[in-house]
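S.K.: Structural data only, the sequence is not supplied:
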């Protein structure tokens, strides 16, 4: 049937049917009964039907009726489809019908997916990542840049007097804004902290502060004796202001972020040779009390406010000058020097040292410097045997100066000590290196054992960190492969004989003489290159030992990371990279220990539950179930909502302080809720099945194993600074290659900051090695 006939009226269709046969012109015979029936069927009138107003179902029925009429006129009966008889072979060879395609899902109201929109900070970050400085054209020899443009230094706000008076001899004292600001500096120092909490440093801190404070007060001022000064009212005011600031609302926090972002966009980036770079320290250091490290002789002195007139700015000639954002002031000097890296320069008033505004650690300047440093250390791989041979020969020299030089080089190579140098202990802390070792820093045979060749070294190293190690110069470690440890021990005995405790051990040696000699052995070689070489080669060797162990391939990622940290710790100990354990760190370790104990107790409970379920004679009713926390959660939600409302409604400082107290209490409740959830995390709301309990026991075993490993790792590393060697001494390419070869995510080894800093190292192959060939790359 032609589809074009679907909507044609039945009367019109009848006109298209074949014509009836015409009978001869003679009287027709008398019709039979069958003929009568046939004639009757053929002469059934076909009515005209209008299909334009029919429904879809009616149209289908109408088409079916048309087909029946056509079949009747053609065949005298309505045709029916005959079913084909199937054989067994048909089932075998018949192709399966293709499944009907699924109807596409109707589009949701959300519409098509839209690409994520990046904010300004994210766009800048992507632009910085897109610049691969190691593939960019090189600048002329000696130059650091061709064009440089930046926004200059951002100065802290001027001091706003609070009007709270300190007491002297029990009475309030009037102070000028400058004097009040200075008193506030001291009031802000924690009385139980590392400076005022330590009796040794407290005396230094107070004496230095009061000297500067009296100079600011003037000769005729009533304040004469520090013992009569009481800064408590100002301290109380500062504590209240902290509470007020904590009452900040979400709206205020967003507004502050907008202001902070605007400052960052204006001062936090520089355009160097046409690409964008991040600036490291654009905020000028605010005034305050100088803290220093260790027992610094100048701690407590007052750092003065730096003004724009003290600052030199450096940028290219064609670049617009940075705008000084302090009204009524201007830069002290403007320079256009492409042979230095700094953007700004000034002197501080404590140690009269130069301070610099520079690009961030992730910048191309720092990246080039880092790669050059590590390649130079790698070049030492091909020269180390020649240098050590020179040391071994000179350790037995008859010339004392030559012997002292060789002994110092042995100490720098094997013990990774810094060079050190003479210092004015009235101006800076008495920190010590190899060349400045004194007799008092050495204790021979500290354990009083006969025949011992041990020496205990104890002194303050860089940043006043204590170096205290007992070195056994007679051990295999320092004597194998002609290591000459025993000869070094004899030299130290000779160098200290007949000297006072305050005398230098290497009296014929200075850092200049030592570094000049190192430069003759290898161009560019210095004691710092030795430390970088020793740190890098030690890490590579220690990791190789870990990977070669038989069970290495069975370890999890967490276990591999722990092994990496063990190797890192060996390097940190070698380089004396220590850190003080803070109260927060101790608290964190205690909390982890308590959580681990809870998990272990919960596992015991789970095992008891499993036994109860397996023992059909014991009732399941004795199995502990999880208690509802709905009421506690509702109370926490209400407390948090009330605190948020109080913050938004607070107008005065008193109301803000109350809102902060309410917020702190609500957060403590939330912490208790978290502890409650953790304490019954192993239980169920209803009686569990044996398989459920067995599965949870397995999960708890994995949790305990992971937390035990994490806790041990933190305990082992709490007094060792792993980060210092990662940032400054261990070639990052060793760590990247290790991660790639052993399928350890680099995020588990390097933080985002380090990944950005060492972006140039991320493309190395898994088989990369720290060796002499790498050093030839320059």
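M.R.: Done, it's in. Keep in mind it's a predicted model, so treat the numbers as computed, not measured.
S.K.: Next, residue 543: secondary structure please.
M.R.: What DSSP: H, G, I helix; E, B strand; the rest coil gives for residue 543 is helix.
S.K.: same question, the one 3 residues further on
M.R.: Three-state secondary structure (criterion: three-state DSSP) places residue 546 in helix.
S.K.: longest helix in the protein, by residue count?
M.R.: helix 583-614 (DSSP state H).
S.K.: so what secondary structure elements neighbour that one?
M.R.: Packing partners of helix 583-614 (3 or more Cβ pairs under 8 Å, 6 or more residues apart in numbering; DSSP states H and E): helix 653-679, helix 690-717. The way it works is simple: take the backbone N, C-alpha and C, and place the C-beta from them, glycine included.
S.K.: Nearest spatial neighbour of residue 170, chain-adjacent residues omitted?
M.R.: Distances taken as Cβ to Cβ, 6 or more residues apart in numbering place residue 230 nearest to residue 170, at 7.6 Å, with adjacent residues excluded.
S.K.: How about the longest helix of the chain, which residues are buried there?
M.R.: Residues of helix 583-614 classed as buried by neighbour count (16 or more other Cβ atoms under 10 Å): 592, 596, 599, 602, 603, 606, 609, 610, 612, 613.
S.K.: can I get those in CSV with distance to residue 270?
M.R.: What follows is these, written out as CSV (distance: Cβ to Cβ, whole Å):
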residue, distance to residue 270
592, 42
596, 48
599, 50
602, 55
603, 56
606, 59
609, 63
610, 64
612, 69
613, 68
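S.K.: what's stretch 466-477 in contact with?
M.R.: Identification of contacts with stretch 466-477 by Cβ atoms under 8 Å, 6 or more residues apart in numbering yields 415, 417, 432, 446-447, 452-461, 478, 483, 485-486, 488-489, 576, 578.
S.K.: Ends of that stretch, what's the gap?
M.R.: End-to-end distance for stretch 466-477, by Cα to Cα, to the nearest Å: 24 Å.
S.K.: Mean confidence (pLDDT) on it, please.
M.R.: The pLDDT scores in stretch 466-477 average 90.
S.K.: now do stretch 317-331
M.R.: 94.
S.K.: Please apply the same query to stretch 384-403.
M.R.: 93.
S.K.: before we move on, what about stretch 645-662?
M.R.: Mean per-residue pLDDT for stretch 645-662: 93.
S.K.: likewise stretch 211-219?
M.R.: In this model, stretch 211-219 has an average pLDDT of 95.
S.K.: roughly how far out does that stretch sit from the chain middle?
M.R.: Offset of stretch 211-219 from its chain centre (Cα atoms, centre = their mean, to the nearest Å): 45 Å.
S.K.: Which residues outside that stretch are in contact with it?
M.R.: Applying Cβ under 8 Å, 6+ apart, the contact partners of stretch 211-219 are 178, 179, 182, 183, 186, 221, 223, 224, 301, 302.
S.K.: Phi and psi next, for the third one.
M.R.: Reported as degrees, to the nearest 10, the phi and psi values for residue 182 are phi -70, psi -40.
S.K.: Number of residues surrounding it?
M.R.: Residue 182: 23 surrounding residues under other Cβ atoms under 10 Å.
S.K.: Any idea how far the longest helix of the chain is from the middle of the chain?
M.R.: The mean C-alpha position of helix 583-614 is separated from the chain mean by 29 Å, Cα atoms, centre = their mean.
S.K.: now swap in stretch 153-172 and tell me
M.R.: A distance of 37 Å separates the centroid of the chain from that of stretch 153-172, by Cα atoms, centre = their mean.
S.K.: and it, which residues are buried?
M.R.: 153, 154, 155, 164, 165, 166, 168.
S.K.: ok, back up a step: now do the same contact list for the residue nearest to residue 170.
M.R.: Residues near residue 230 by Cβ under 8 Å, 6+ apart: 166, 167, 168, 170.
S.K.: which one among the buried residues of stretch 153-172 gets closest to residue 655?
M.R.: Closest approach between the buried residues of stretch 153-172 and residue 655, by Cβ to Cβ: residue 164, at 19.7 Å.
S.K.: Over to the closest one. Which of the three states is it?
M.R.: Assigned with three-state DSSP, residue 164 falls in the coil class.
S.K.: leaving aside the residues next to it on the chain, what's closest to it?
M.R.: Nearest residue to residue 164, sequence neighbours excluded (Cβ to Cβ, 6+ apart): residue 237, at 4.4 Å.
S.K.: Now name the helix or strand holding that neighbour.
M.R.: helix 232-246 (DSSP states H and E).
S.K.: List the buried residues of that helix.
M.R.: Using 16+ other Cβ under 10 Å as the test for burial, helix 232-246 gives 234, 235, 237, 240, 243, 244.
S.K.: Using a markdown table, lay out the residues you listed together with distance to residue 468.
M.R.: As requested, the buried residues of helix 232-246 are arranged in a markdown table below (distance: Cβ to Cβ, whole Å):
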| residue | distance to residue 468 |
| --- | --- |
| 234 | 40 |
| 235 | 37 |
| 237 | 43 |
| 240 | 44 |
| 243 | 43 |
| 244 | 46 |
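S.K.: if we can go back for a sec, relative to residue 731, which of the buried residues of stretch 153-172 is nearest.
M.R.: residue 153 (33.9 Å).
S.K.: got a list of what the closest one touches?
M.R.: Taking Cβ under 8 Å, 6+ apart, we find residue 153 in contact with 267, 282, 283, 284, 308, 311, 322, 344, 357.
S.K.: Among the residues you listed, the buried ones, what's the PyMOL command?
M.R.: A single PyMOL command selects the buried members of the contacts of residue 153 (16+ other Cβ under 10 Å):
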select buried, resi 267+282+284+308+311+322+344+357
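S.K.: Mind checking which of the contacts of residue 153 are in helices?
M.R.: Those of the contacts of residue 153 lying in helices (DSSP H): residue 267.
S.K.: Pass me the low-pLDDT residue ranges in the stretch 1-150 of the chain, would you?
M.R.: 1-53, 71-111 (pLDDT under 70).
S.K.: what's the answer for the stretch 501-650 of the chain, then?
M.R.: Using pLDDT under 70, the stretch 501-650 of the chain has no residue that qualifies.
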